[in-house]
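# Quick one: sequence plus predicted model below, questions after.
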Amino acid sequence: MGNPLKSTKFWLFVGGAAAGLFARSKTARRACVNGIAAGMQMKDQMAAGLQNMKEEAQDIYEDAKRKAAGEEAAL
């Protein structure tokens, strides 16, 4: 049997064990919570921006409709 320090499977096992320990840490939990909070905040901001664009498009549509009705009445 060869040197275990040269084995890929050994290092994958060690990396997996370290990742498992890190995943249970308070630091990882804080990082996940902060990431999710930032994502939710970005979603809310994007939804507000989309709503503003919808309202502006509706206003432009209504203005164009009034203008077309005014031109039609002038004919």
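Done, it's in.
# Low-confidence stretches in this protein?
Scanning the chain for pLDDT under 70 picks out 1-2, 74-75.
# All the helices of it, in order from the start?
Ranges of helices within the chain are 8-23, 26-74, based on DSSP state H.
# now those as a markdown table including mean neighbour count?
The C-beta positions use only the backbone N, C-alpha and C, and glycine is treated the same way. Listed next are the helices of the chain as a markdown table, based on neighbours: other C-beta atoms under 10 Å:
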| stretch | mean neighbour count |
| --- | --- |
| helix 8-23 | 10 |
| helix 26-74 | 10 |
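# Find the residue at the geometric middle of the protein.
Closest to where the C-alpha atoms of the chain average out (C-alpha atoms, centre = their mean) is residue 39, at 4.8 Å.
# Would you quantify the distance from it to residue 32?
For residue 39, the distance to residue 32 equals 11 Å [C-beta to C-beta, to the nearest Å].
# same thing with residue 54?
Residue 54 is 33 Å from residue 32, by C-beta to C-beta.
# Please apply the same query to residue 47.
23 Å.
# ok, now residue 70?
Distance from residue 70 to residue 32, by C-beta to C-beta: 57 Å.
# What of residue 19?
Look at residue 19 and residue 32: by C-beta to C-beta, they are 14 Å apart.
# just residue 72 next, same as before
To residue 32, residue 72 is 59 Å away according to C-beta to C-beta.
# Next: residue 14.
Distance from residue 14 to residue 32, by C-beta to C-beta: 23 Å.
# same thing with residue 10?
From residue 10 to residue 32 the distance is 29 Å (C-beta to C-beta).
# ditto for residue 48
For residue 48 relative to residue 32 (C-beta to C-beta), the value is 25 Å.
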